[in-house]
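[1] predicted structure and sequence below. I'll ask about it afterward.
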Amino acid sequence: MGTPSASAFARVSPGARFGSGVVIGDFSIIHDNVILGDDVVIESHCVIGHPTPLAEGAPLVVGSGSHIRSHSIFYEGSSFGAGLRTGHRVTVREKLTAGVCLQIGTLSDFQGHAELGDHVRTHSNVHICQHSKIGNYVWIFPGTILTNDPHPPSDGSIAGVVVEDYAVIATHSTLMPAVRIGTRALVGAHSLVTRDVAPDTVVCGCPAKAVCRTSDIKLKDGRGDAYPWMRHFHRGYPEEVVQAWLAQWGGLEEANG
Amino acid sequence: MGTPSASAFARVSPGARFGSGVVIGDFSIIHDNVILGDDVVIESHCVIGHPTPLAEGAPLVVGSGSHIRSHSIFYEGSSFGAGLRTGHRVTVREKLTAGVCLQIGTLSDFQGHAELGDHVRTHSNVHICQHSKIGNYVWIFPGTILTNDPHPPSDGSIAGVVVEDYAVIATHSTLMPAVRIGTRALVGAHSLVTRDVAPDTVVCGCPAKAVCRTSDIKLKDGRGDAYPWMRHFHRGYPEEVVQAWLAQWGGLEEANG
Amino acid sequence: MGTPSASAFARVSPGARFGSGVVIGDFSIIHDNVILGDDVVIESHCVIGHPTPLAEGAPLVVGSGSHIRSHSIFYEGSSFGAGLRTGHRVTVREKLTAGVCLQIGTLSDFQGHAELGDHVRTHSNVHICQHSKIGNYVWIFPGTILTNDPHPPSDGSIAGVVVEDYAVIATHSTLMPAVRIGTRALVGAHSLVTRDVAPDTVVCGCPAKAVCRTSDIKLKDGRGDAYPWMRHFHRGYPEEVVQAWLAQWGGLEEANG
């Protein structure tokens, strides 16, 4: 275990446990029940390991190489694999588990009690409700809200959304309780999804309806099929993952710039 | 009046007035024109009583037993009954009045110059515009926006939304200026409400249209009518309120868990 | 160059450059590569000039008389004319340029790499994506999102939204990539804009369709045409600008209050 490089203006509990090379920014608070891996960076004005009885004593665990940007709040009782990266003013409640390389956009609000796979990427202001299950390599774009209560307010009927691997949820959409978004599906912007979406299908509208197959969408730059997106979009993924994608889905020339 | 238990890293004005048992978190600022009741908790990184000439000298008053979570901002000139509870990074401007037991969700943005009754609950990222009038026991779910300007930008025609007692506004909805949401009505998710909604009516869509009576909606767990929700949802309400509801509306067996 | 009046609880880099009369609030951080003009006010809990290699060494420049409210985050590498005013917890990334008197609403999230003209006003929680081009005197209302990726996630086809002078985007709208909103056009609330909007045209719906000319909309207070809004709404604009508007568009009596 290491001793963090903490600002003189940070409040670091002696009970927290750190790997080597951890950096803590100004005006941040690290509570007791926290385990930060090697080389984790916590920027300024954060609250890390916010106590809650709902965590039932479980610690906040943040994997090595993670970077949490300023003004973010993480409760105790959640767990993140290596390579977490967040925007600013992210809120994550207790009992959420995430795989490696999760990206959380600025202002996003994760309510806890949810499961996320590896390499999930959410953009700004995404709201993940309790009991959501998000697969691997999922994308969720700004302002999208996942819901879990079919007749609010209620208790006995809560059912989260399921988003399967490689699915893409575009901007400003609402996903109704218990819907399942199939693998590699695309939910168009500003949609209200009230029913399950089949794999490799594009839906849009309020309520959302199937409009085509993802394979019907072509890149505007003339390089061919836009989906599965793994054919042409590789930024930030591990080389071995990209190679596996190219072998499975074929590949396009990289875009310029 | 009491002396708060304040972090050495808090900035507490000598002009602020406190009941007994008040707790002030790290890196929070308490301005002069503030009156906090007994046992109020202010978490870290808050700004309480932010000065504004628009308050015309009125103080911020927060009733006893209130809990304001981290990174929240309250202006001077608003008033809250006992038992206020907020999420994180809430913003509340001047000249808002609220009854007891208001709950404000994380990221919510209350623009001031509005009235809220007792036991109102808003979830995350709810935007309450000026001149809104919210009754008692109202629910507003994530990402909903109340508006007040019928032809933006204008000044002479501003007219807030009215939400009557027990009404429920579901996720990601937009309420247009001057609409009245009748008592016990339900606005479905991702709706644009352009007209008044009658009591006990369900509306949804863009623009929202009446689709059924609330009594037509059944709980998915088989326990009967989902509305009025006071029949089955009681979490956090005072026992005498719940008993009055059961006497008036009938009751269902409590859900498990 | 001046010495700012900084809180003892602020962290001000010796490399930052200040005009006269600058004020820095409690628990705020001013990084090195920052130039603040005369009489700039930075409230509490801000991060000003957040370092990023994406700025390629360019400073954050904030014009004189600007006021940045609490909990805001500005990256290095962006530039603002005089008279910037922000709400609370605003985020602005690198390589954004804005003219004079920009107003940014609370919670707004500007992703950088964008251009804004003079006197642009955004209300709360507006998301401006990269490569947006916003003209002069534009209004954008709460919860609106501008997008730039026609088949997310992609790289080669990114194309921002263009909003021409005097256009108004109402609450909770989504603007799809590469659309152009014509001068003095009005996008109705909760719209999904998938195509260009002609000047002086009102569109609404999902997807948005043209419904009338802006000149067909009358003020509810009986004073005549609501648009162009410059005929009747003048709050906060310079007197010479208002006089030019009245000469060009005619004027209505000022609203009371």
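    Received, thanks. Numbering: from 1, shown residues only, chains lettered A, B, ... in the order given.
[2] how about A:D165, what does it touch?
    For A:D165, the contact set (CB atoms under 8 Å, 6 or more residues apart in numbering or on different chains) comprises A:117, A:135-138, A:183-184. Glycine gets a C-beta too; all of them are placed from N, C-alpha and C.
[3] against chain B - does stretch A:173-186 have any residue that ends up touching it?
    Yes: using CB under 8 Å from any CB of the partner chain, we find that stretch A:173-186 touches chain B at A:174, A:176.
[4] so what's the residue count around the residue of the stretch 151-257 of chain A found nearest chain B?
    Distances between the stretch 151-257 of chain A and chain B by CB to the nearest CB are smallest at A:G156, namely 3.0 Å. Neighbourhood size, A:G156 [other CB atoms under 10 Å in any protein chain shown]: 18.
[5] over to A:G236?
    12.
[6] could you do the one 10 residues further on as well?
    By the measure other CB under 10 Å, the count of residues near A:L246 is 14.
[7] next one: A:G251
    Going by other CB under 10 Å, the residues that sit close to A:G251 add up to 15.
[8] surely it is in a strand?
    No: the assignment for A:G251 by DSSP: H, G, I helix; E, B strand; the rest coil gives coil, which leaves it out of any strand.
[9] dump the residue contacts of it.
    For A:G251, the contacting residues are A:231-232, A:245, by CB under 8 Å, 6+ apart.
[10] mind running it again at 7 Å?
    A:R231 (CB atoms under 7 Å, 6 or more residues apart in numbering or on different chains).
[11] need the contact list for A:N148.
    Residues counted as contacts of A:N148 (CB under 7 Å, 6+ apart) are A:129-131, A:158-160, A:177.
[12] can you give me phi and psi for it?
    With angles defined as degrees, to the nearest 10, A:N148 sits at phi -140, psi 0.
[13] and it, how close does it get to A:A114?
    Distance, A:N148 to A:A114, by CB to CB, to the nearest Å: 9 Å.
[14] rewinding a little: okay, the residue of the stretch 151-257 of chain A closest to chain B: pLDDT?
    On pLDDT, A:G156 comes in at 80.
[15] hmm, who's touching stretch A:214-230?
    Applying CB under 7 Å, 6+ apart, the contact partners of stretch A:214-230 are A:166, A:168, A:184, A:186, A:200-202, A:231-232, A:245, A:249, A:252-253, A:255, C:150-151, C:153-154, C:156-157.
[16] ok, now which ones touch A:L116?
    By CB under 7 Å, 6+ apart, the residues touching A:L116 are A:98-99, A:102, A:134.
[17] if we can go back for a sec, give me the distance between the residue of the stretch 151-257 of chain A closest to chain B and B:L252.
    For A:G156 relative to B:L252 (CB to CB), the value is 9 Å.
[18] what about stretch A:93-110 and chain B, any contact?
    Yes: applying CB under 7 Å from any CB of the partner chain, one finds stretch A:93-110 in contact with chain B at A:107, A:109.
[19] chain center to that stretch, what's the gap?
    Here stretch A:93-110 shows a centroid-to-chain-centroid distance of 5 Å under the convention CA atoms, centre = their mean, to the nearest Å.
[20] any chance of the contacts of A:N148 in TSV with secondary structure as columns?
    Converted to TSV, the contacts of A:N148 look like this (three-state DSSP):
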residue	secondary structure
A:C129	coil
A:Q130	coil
A:H131	coil
A:I158	coil
A:A159	coil
A:G160	coil
A:P177	coil
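[21] re earlier: what is in contact with A:N148 and A:A114 at once?
    A:130-131, A:160.
[22] who wins on neighbours among these?
    Counting neighbours by other CB under 10 Å, A:G160 comes out on top of those with 24 neighbours.
[23] tell me how many other residues crowd A:G83.
    20.
[24] any idea how far it is from chain C?
    A:G83 sits at a distance of 18 Å from chain C (criterion: CB to the nearest CB, to the nearest Å).
[25] which residues touch that residue?
    Counted by CB under 7 Å, 6+ apart, A:G83 has contacts A:63, A:65-66, A:100-101.
[26] name the nearest of the residues you listed relative to chain B.
    Sorting those by how near they are to chain B, with CB to the nearest CB, puts A:S66 at the top with 20.1 Å.
[27] surely that closest one and A:T86 touch.
    No: here A:S66 lies out of contact with A:T86, judged by CB atoms under 7 Å, at a distance of 8.3 Å.
[28] quick one, helices of chain A?
    For chain A, the helices defined by DSSP state H cover A:239-249.
[29] what residues does it put near chain B?
    Neighbours of chain B within chain A, by CB under 7 Å from any CB: A:11, A:27, A:29, A:45, A:47, A:71, A:73, A:89, A:91, A:107, A:109, A:127, A:145, A:147, A:150-157, A:174, A:176, A:192, A:206.
[30] among those residues, which ones are in strands?
    Counted as lying in strands by DSSP state E, out of the residues of chain A next to chain B, are A:11, A:29, A:47, A:73, A:91, A:109, A:127, A:145, A:174, A:192.
[31] can you tell me the closest non-neighbouring residue to A:S191?
    In this structure, A:S191 finds its nearest non-sequential neighbour in A:A208, 4.2 Å apart by CB to CB, 6 or more residues apart in numbering or on different chains.
[32] now for that neighbour: which residues touch it?
    Neighbouring residues of A:A208 by CB under 7 Å, 6+ apart: A:187, A:191-194.
[33] beta partners for it?
    Bridge pairing for A:A208 (DSSP bridges) gives the partners A:G205.
[34] next one: the one 10 residues further on
    Counting by DSSP bridges, A:K218 forms beta bridges with A:D225.
[35] just the pLDDT for it.
    For A:K218, the model assigns a pLDDT of 94.
[36] what does the stretch 1-150 of chain A put close to chain C?
    So the stretch 1-150 of chain A meets chain C at A:9, A:26-27, A:44-45, A:70-71, A:88-89, A:106-107, A:124-125, A:139, A:141-143 (CB under 7 Å from any CB).
[37] just the buried residues of stretch A:190-210, please?
    A:190-194, A:197, A:199-208 (16 or more other CB atoms under 10 Å in any protein chain shown).
[38] related to what we said a few turns ago, okay, the contacts of A:A208 in a markdown table with distance to B:C212 next?
    Shown next, in a markdown table, are these (distance: CB to CB, whole Å):
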| residue | distance to B:C212 |
| --- | --- |
| A:V187 | 26 |
| A:S191 | 23 |
| A:L192 | 17 |
| A:V193 | 21 |
| A:T194 | 15 |
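[39] now those as JSON lines including pLDDT?
    Output for the contacts of A:A208, formatted as JSON lines (pLDDT from 0 to 100):
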{"residue": "A:V187", "pLDDT": "98"}
{"residue": "A:S191", "pLDDT": "98"}
{"residue": "A:L192", "pLDDT": "98"}
{"residue": "A:V193", "pLDDT": "98"}
{"residue": "A:T194", "pLDDT": "98"}
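[40] first-to-last residue distance for stretch A:26-41?
    End-to-end distance of stretch A:26-41 (CA to CA, to the nearest Å): 12 Å.
[41] what mean pLDDT would you report for it?
    98.
[42] so which bits of that stretch are buried?
    Neighbour-count burial for stretch A:26-41 flags A:26-31, A:33-37, A:39-41 (criterion: 16+ other CB under 10 Å).
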